[in-house]
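K.L.:
Build me a model from this:
(one chain, ligands or ions: 2)
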Amino acid sequence: MTTGEIHGGGCLCGAIRYSLKGQPSHATVCYCTQCQKQTGSLVPAMVTYELENVELLAGTPAVFRSSTIATRQFCDRCGSTLFWRGDGRTEVDIFMGTLDDPSTMPAPSLELWTTHRAKWLAHLDGTESHETSQTPDETDQRAALAARDISR
Ligand SMILES: [Zn+2]
Ligand SMILES: [Zn+2]
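P.N.:
Ligands and ions are numbered 1, 2, ... in the order given. Okay, the predicted model is just below:
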């Protein structure tokens, strides 16, 4: 993933700007209720980058602890959803709609929390679907979170 490409992005009002180096490890569509509520969209999509390839250029995102395993970062001026950070992870999810040119990103390869996918939405071609989250070692957390109807 060591191409010289740089992708710019930021929030709606422009207070927060970031850059991403190279291509993401993958792209995901996540229908969990938290992603849906935070973005206001029924089809939230994000790309995953190693932290070292993400640079904050302007502004400081506000941080909301959305679950026992993660925080969500957003612009406290315009409300744009920017980043999802799993505790202790070396990678960060960037909400794709905040990129200046989202078409430079790969199509999603993962579809998470399809249990909350709107009934009028079809399975996304080319994705591996999961009813909840995708990581087997998160089974316990997943069950606990599902029981509280929250996620990721
Ligand atoms: Zn903003
Ligand atoms: Zn989600």
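
K.L.:
Need the pLDDT of Q134.
P.N.:
If you check Q134, the pLDDT there is 76.

K.L.:
Begin at 24 from now on, thanks
P.N.:
Understood, numbering begins at 24; the last thing we discussed is Q157.

K.L.:
what ranges do the helices span in the protein?
P.N.:
Using DSSP state H, the helices of the chain run over 56-62, 162-170.

K.L.:
in the first one, what counts as buried?
P.N.:
When neighbours are counted by 16 or more other C-beta atoms under 10 Å, the buried residues of helix 56-62 are found to be Q57, C58, Q59, Q61, T62. The C-beta positions use only the backbone N, C-alpha and C, and glycine is treated the same way.

K.L.:
now swap in stretch 149-157 and tell me
P.N.:
Buried residues in stretch 149-157 (16+ other C-beta under 10 Å): T150, H153, T155, S156, Q157.

K.L.:
Could you do stretch 132-141 as well?
P.N.:
Buried residues in stretch 132-141, counted by 16+ other C-beta under 10 Å: L133, E134, L135, W136, T137, H139, R140.
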